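Student: Kindly generate the corresponding structure for this input.
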Amino acid sequence: MIKNIFSKKYINNYNRKLKYIGPNNKIKLENFLLSRLFISIILLVLCLLIPKYGIYISLICVPLFYYLYTNILINNKIKVRSEKLNDEAIIFFDMLYLAMKQTNDLKMSLEIVTNKLGNSLAIEFKNILGNNKYNNDLNEVFKMVIDNIPNYDVRNALVDLKESNDYFVTLDEIITRLQKKNIVLIKQKNIYKPIVISIISIIFIFIICYLLFHSTDIINYFNNIFKK
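Tutor: Have a look, this model is predicted:
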């Protein structure tokens with residue numbers, strides 16, 4: 001049904017986003033797109049039923065709903081996973097390095113790590129390695145996992161490992177690089193957190209002040225609606 005409403009490019013874009021959420025994603029592409037569309041239409045109709053200002057309210061409410069619905073159900077989940085992936089990748093590559101020392105075989109080491117580790121990166125590998133079609137083609141396994149990773153640094157790390165001629169040296173470099181990146185991210189969070197809180201506080205105070213100063217107009221407006 002969605003193929004008759006949305007373009008192929010649009011569907012593929014959201015399909016990729018859902019994969020970015022990770023292996024534990026429960027959202028179905030068709031359900032998401034259709035529910036967002038139908039609720040937007042219903043909200044538009046309800047807004048237009050409001051006398052006088054209905055069209056202006058709809059121009060605010062419908063895009064706002066569209067944005068929040070997409071952000072809450074998809075974009076925020078991708079962002080949360082992307083942030084977690086850095087920590088997950090460090091643990092994953094650490095364990096892979098130790099497994100490689102015992103087996104000296106990348107495929108066998110991946111199977112050992114994915115059976116012992118339960119984070120989303122390990123589950124991505126485990127699900128694909130469990131498919132017999134790709135069991136003997138590590139390049140294909142890596143390609144499929146990379147396509148499902150939203151974190152740029154982790155994607156690059158997986159590409160480097162896939163193309164490496166010396167897995168031990170590459171793993172050592174990857175772990176060091178991701179650890180440095182983690183330190184930078186922690187520092188950035190500590191810097192930007194007070195700024196974000198301040199901005200949100202200012203916006204909240206502005207909204208409260210606006211409502212207080214225009215409380216009489218707002219009350220009169222709703223009184224007129226109910227009187228009609």
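Student: any idea which residue sits dead centre in the protein?
Tutor: residue 78 (0.7 Å; CA atoms, centre = their mean).
Student: measure that one to residue 7 for me?
Tutor: When distance is defined by CB to CB, to the nearest Å, residue 78 is 21 Å away from residue 7. All C-beta spots, glycine's among them, are computed from the backbone N, C-alpha and C.
Student: so how many other residues sit close to the residue lying closest to residue 58 once chain neighbours are set aside?
Tutor: Of all residues not flanking residue 58 in the chain, residue 47 sits nearest, at 3.5 Å (CB to CB, 6 or more residues apart in numbering). Using other CB atoms under 10 Å, the number of residues around residue 47 comes to 18.
Student: Next secondary structure after the host helix or strand of residue 56?
Tutor: Per DSSP states H and E: residue 56 is located in helix 54-70. Scanning forward in sequence from helix 54-70 by DSSP H and E, the next helix or strand is helix 76-103.
Student: re earlier: contact partners of the helix holding residue 56?
Tutor: For helix 54-70, contacts defined as CB atoms under 8 Å, 6 or more residues apart in numbering pick out 36, 39, 40, 43, 44, 47, 48, 50.
Student: so the third one, which of the three states?
Tutor: In this case it means residue 40. The assignment at residue 40 comes out as helix when based on DSSP: H, G, I helix; E, B strand; the rest coil.
Student: Does the residue nearest to the centre of the chain touch residue 20 like I think?
Tutor: Yes. Between residue 78 and residue 20 there is a contact at 4.7 Å, judged by CB atoms under 8 Å.
Student: what's the overlap in contacts for those two?
Tutor: Overlap of the contact sets of residue 78 and residue 20 (by CB under 8 Å, 6+ apart) consists of residue 150.
Student: Look up how far residue 126 lies from residue 114.
Tutor: Counting by CB to CB, the gap from residue 114 to residue 126 is 4 Å.
Student: These two: which has the busier surroundings?
Tutor: Taking neighbours as other CB under 10 Å, residue 114 and residue 126 compare with residue 114 leading, 23 against 17.
Student: Can you list the buried residues in stretch 41-60?
Tutor: 43, 44, 47, 54, 58 (16 or more other CB atoms under 10 Å).
Student: Where do the helices of the chain begin and end?
Tutor: For the chain, the helices defined by DSSP state H occupy 2-5, 8-21, 29-48, 54-70, 76-103, 106-116, 120-129, 138-146, 152-162, 167-213, 215-227.
Student: what's the most buried one of those helices?
Tutor: Highest mean neighbour count of those: helix 120-129, a mean of 20 (counted as mean count of other CB atoms under 10 Å).
Student: how far is that one from where the chain is centred?
Tutor: Centroid separation for helix 120-129 versus its chain: 18 Å, with CA atoms, centre = their mean, to the nearest Å.
Student: swap in stretch 124-142?
Tutor: 23 Å.
Student: give the contact list for the closest residue to residue 179 other than its chain neighbours.
Tutor: Once flanking residues are discounted, residue 179 sits nearest to residue 90: 6.2 Å by CB to CB, 6+ apart. Applying CB under 8 Å, 6+ apart to residue 90 gives the contacts 175, 178, 179, 182.
Student: Flag the shaky bits of the chain, pLDDT-wise.
Tutor: 132-136, 184-201, 203-204, 206-228 (pLDDT under 70).
Student: Need the phi and psi values for residue 6.
Tutor: Backbone geometry at residue 6, expressed as degrees, to the nearest 10, gives phi -110, psi 150.
Student: Perfect, I'm done here.
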